[in-house]
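Participant: A structural model of the following input is requested.
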Amino acid sequence: MIDRRNVLRAGVLGGVGGALGLQAPGSAAAAGEAGPVSARDWKRLADALSPGADLYRPSGSVYESLALPFNHRYAGIRPAGIVTCATAEDVSVSIRWAREVGLPAVPRSGLGHNYAGYSATTGLLLNMARMKSIVSTPAPGRAHSRVYGPMKVVHDAGTVTVGAGVTNGDLHPLLEDQGMFVPTGRCPSVGVAGLVLGGGIGFSDKMFGLTCDRLVSTTVVLADGRTVKADKDSHPDLYWGCRGGAGNNFGVNTSFTFQYEQFEGTVGFYQFRWSLDSVVPVVATAQHIAQETEGDRRFHMRMGIGTNGTTRAQIRANANVNAIGQFYGTVQELRAILAPLLKIGTPEERARNSASVRQVTPGEASVLLSATTPIDRFATKSAILDSRTLLSDQQVGAAAERLLDWPGSNNEDGAGFAMFALGGEINQVPPDATAFVHRSDLFVFAAETSWADYDTAAVAEANLRWLQQFYDDIFPGKAPDQAYQNFPDPTLKNWREAYYGANYPRLVDVKRKYDPTGFFDYPQAIGTR
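Facilitator: Next up is the predicted model:
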């Protein structure tokens, strides 16, 4: 264990004032509300933490590694201090201290994946990565089981309580070793906290609901430092808001309890890829399949187009259209659903795509379906598509044309769009039953672009201009009314309606009750009015 006093001393000797590079939009420091914090105040915080926690000030490799958000686009936003919290009491102490000295406090559950940089701050960063506990409790009595082809599922087999630092990848061994499953996202390093608070889509959401739909209770440290447990009986309004109302709005969540399923058997898996020449029939066919299977909770799909490279020749050569997913049933049933897609493409593409359809264990599927969000620097614009706003052939053609006009970068993640199919259990939940309002839709759509840390400012600017053009070409005139709150877009002006729809006024009521002074704040935070 690092001596907290030495960690603190290193930061003080390193020399830190009120200005630490870029100011986080909406932070107290950016607004001029807080001046430099004294060394005595920092020592007071360090001394109040539990033995398992540490305070880091600017200077040293540990601070640098903890301060850097996953999206390096916001690397210039430097926290005045970082607390690596080990307990809920560490969070409470840190929040009380931050309020006293006039600094904002911002939690970061994983590596800081927030697309808009909202898990970065010039104030006090609460790093939750040490809160890694995972405790499962089997349900008493006999649970309900059902067979889906070669897969037996025991529904609501028990509960699992996880700390705020647990990631999607941390839960994978439960599935691989014990057959226990909670529907989470596909990126292993994403924190479960951010995922569930904004909804939580993945490759089993149609079958078992969004991650937030499986939430039984959560422990929250409020802006006044109090710790409460929110569930359907205790603080039910806060519990409602924590299921889709996004993170860092009402308090700092330190643990989550989910219902889990018990798996035994195999699932169907597929992974298709075509050249961009097939983009129009592929997207049209995949959208039709999504409509036809909206009520079939067994079928899951993500499709998209993309490319990467630095030269026009590379960008054209790498451009492709793709689809991936899983199915809770037999391979024969899956092939029947996918038959229209399997007829598209060159003979080589058709053969390769057909060979990808197979049975795998749920653990193997989790690995095959996993993918990281873009690395280095990236930007995203999202939309929620329903039956009225599905992409036409003209829109798809415009997207493909603009994709080939991508300015390029040294980031191998490149650019493109992805569409994640919705339906099934997601759409069985009324839109006002949780804060997640998108309950009658077919896809979450995400357009994105990426560039490398060592790319020039001109490359970054060209990528951001291209992303807006790409989005506008796909949605000329008017974009869809709704967007996904877990893919926040800092340029989105009507974000209240887009993310939360008719649920926003109720979220304001929750905010007023649990954070009336708006201590937890950022440009797209729930407001108090």
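
Participant: show me what the helix or strand encompassing Phe445 is packed against.
Facilitator: Taking DSSP states H and E as the criterion, Phe445 maps to strand 443-451. Contacts defined by 3 or more CB pairs under 8 Å, 6 or more residues apart in numbering; DSSP states H and E place strand 443-451 against strand 377-385, strand 415-421, helix 457-474. C-betas here are computed from N, CA, C, even on glycine.

Participant: which of the ones you listed sits closest to Thr137?
Facilitator: Closest of these to Thr137 is strand 415-421, at 30.8 Å (criterion: CB to CB).

Participant: and that closest one, what other elements does it pack with?
Facilitator: Using 3+ CB pairs under 8 Å, 6+ apart: strand 415-421 touches strand 302-307, helix 393-403, strand 443-451, helix 457-474.

Participant: run the last query once more with 6 Å
Facilitator: Here strand 415-421 touches strand 302-307, strand 443-451, going by 3 or more CB pairs under 6 Å, 6 or more residues apart in numbering; DSSP states H and E.

Participant: picking that back up, hey, which of the helices and strands packed on strand 443-451 is tucked in deepest?
Facilitator: strand 415-421 (a mean of 25; mean count of other CB atoms under 10 Å).

Participant: quick one: strands adjacent to it?
Facilitator: In the sheet, strand 415-421 lines up against strand 302-307 (antiparallel), strand 443-451 (antiparallel) (DSSP bridges).

Participant: can you redo those as a markdown table with mean neighbour count?
Facilitator: As requested, the strands paired with strand 415-421 are exported to a markdown table (neighbours: other CB atoms under 10 Å):
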| stretch | mean neighbour count |
| --- | --- |
| strand 302-307 | 21 |
| strand 443-451 | 26 |
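
Participant: so which of those strands comes closest to Asn248?
Facilitator: Evaluated over these, closeness to Asn248 peaks at strand 443-451, with 21.1 Å, by CB to CB.

Participant: work out the gap between that closest one and the centre of the chain.
Facilitator: For strand 443-451, the separation from the chain centroid amounts to 13 Å (computed by CA atoms, centre = their mean, to the nearest Å).

Participant: what do you get for stretch 394-409?
Facilitator: Offset of stretch 394-409 from its chain centre (CA atoms, centre = their mean): 25 Å.

Participant: for Ala75, give me its contacts.
Facilitator: Leu68 (CB atoms under 6 Å, 6 or more residues apart in numbering).

Participant: 7 Å - rerun?
Facilitator: Counting by CB atoms under 7 Å, 6 or more residues apart in numbering, Ala75 makes contact with Leu68, Pro69.

Participant: do the same with the one 4 residues further on
Facilitator: Neighbour list for Pro79: Ala67, Thr121, Thr122, Gly123, Leu124, Leu125 [criterion: CB under 7 Å, 6+ apart].

Participant: over to Val220?
Facilitator: Residues near Val220 by CB under 7 Å, 6+ apart: Val228, Ala230, Leu238, Phe250, Gly251, Val252, Asn253.

Participant: figure out which of the helices and strands packed on strand 415-421 is closest to Val216.
Facilitator: strand 443-451 (24.3 Å).

Participant: measure Gly112 to Ala193 for me?
Facilitator: 12 Å (CB to CB, to the nearest Å).

Participant: circling back to that earlier point, would you turn the helices and strands packed on strand 415-421 into JSON lines with mean pLDDT and distance to Ala435?
Facilitator: Below are the helices and strands packed on strand 415-421 laid out as JSON lines (pLDDT from 0 to 100; distance: least, CB to CB, whole Å):
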{"stretch": "strand 302-307", "mean pLDDT": "98", "distance to Ala435": "24"}
{"stretch": "strand 443-451", "mean pLDDT": "98", "distance to Ala435": "16"}
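
Participant: would you turn the ones you listed into a markdown table with distance to Asp386?
Facilitator: Below are these laid out as a markdown table (distance: least, CB to CB, whole Å):
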| stretch | distance to Asp386 |
| --- | --- |
| strand 302-307 | 17 |
| strand 443-451 | 8 |
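
Participant: export the strand or helix carrying Ala284 as CSV, just CAs?
Facilitator: Taking DSSP H and E as the criterion, Ala284 maps to helix 279-292. In CSV, the C-alpha atoms belonging to helix 279-292 read as follows (Å, rounded to 0.1, in the frame of the first residue of the first chain):
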residue,chain,number,x,y,z
VAL,A,279,-24.3,-1.8,-48.5
VAL,A,280,-27.8,-0.9,-49.8
PRO,A,281,-29.3,-4.5,-49.9
VAL,A,282,-27.6,-5.5,-46.7
VAL,A,283,-28.9,-2.6,-44.6
ALA,A,284,-32.4,-2.9,-46.1
THR,A,285,-32.5,-6.6,-45.5
ALA,A,286,-31.1,-6.3,-42.0
GLN,A,287,-33.7,-3.6,-41.1
HIS,A,288,-36.4,-5.8,-42.4
ILE,A,289,-35.2,-8.8,-40.3
ALA,A,290,-35.1,-6.5,-37.3
GLN,A,291,-38.7,-5.5,-37.9
GLU,A,292,-39.8,-9.1,-38.4
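
Participant: list the buried ones in it?
Facilitator: Neighbour-count burial for helix 279-292 flags Val279, Val280, Pro281, Val282, Val283, Ala284, Thr285, Ala286, Gln287, Ile289, Ala290 (criterion: 16 or more other CB atoms under 10 Å).

Participant: which residues of the stretch 51-200 of the chain fall in strands?
Facilitator: Secondary structure of the stretch 51-200 of the chain (DSSP state E, counting those that start in this stretch): strands at 54-56, 81-84, 105-108, 124-127, 134-138, 145-148, 151-163, 180-181.

Participant: quick one: closest of these to Gly329.
Facilitator: Counting by CB to CB, Gly329 lies closest to strand 145-148 out of the strands of the stretch 51-200 of the chain; the figure is 5.5 Å.

Participant: and which of the buried residues of helix 279-292 is nearest Tyr260?
Facilitator: Nearest to Tyr260 among the buried residues of helix 279-292, with distances taken as CB to CB, is Ala290, at 27.0 Å.

Participant: quick check: the closest residue to that closest one other than its chain neighbours vs Met301, distance?
Facilitator: What sits nearest to Ala290 in space, not counting adjacent residues and going by CB to CB, 6 or more residues apart in numbering, is Ala421, at 4.6 Å. Distance, Ala421 to Met301, by CB to CB: 4 Å.

Participant: need the overlap of contacts for these two.
Facilitator: Counting by CB under 7 Å, 6+ apart, the common neighbours of Ala421 and Met301 are Ala290.

Participant: quick check: which ranges of the stretch 201-350 of the chain have low pLDDT?
Facilitator: Within the stretch 201-350 of the chain, no stretch falls below the threshold (pLDDT under 70).

Participant: re earlier: what's near enough to touch the residue nearest to Ala290?
Facilitator: Ala421 makes contact with Ala290, His300, Met301, Leu442, Phe443, according to CB under 7 Å, 6+ apart.

Participant: show me where the stretch 151-300 of the chain has helices.
Facilitator: 168-173, 192-197, 205-208, 236-241, 279-292 (DSSP state H, counting those that start in this stretch).

Participant: gap between the third one and the chain center?
Facilitator: What that stands for is helix 205-208. 17 Å.

Participant: also the fourth one?
Facilitator: What separates the centre of helix 236-241 from the centre of its chain is 20 Å, taken as CA atoms, centre = their mean.
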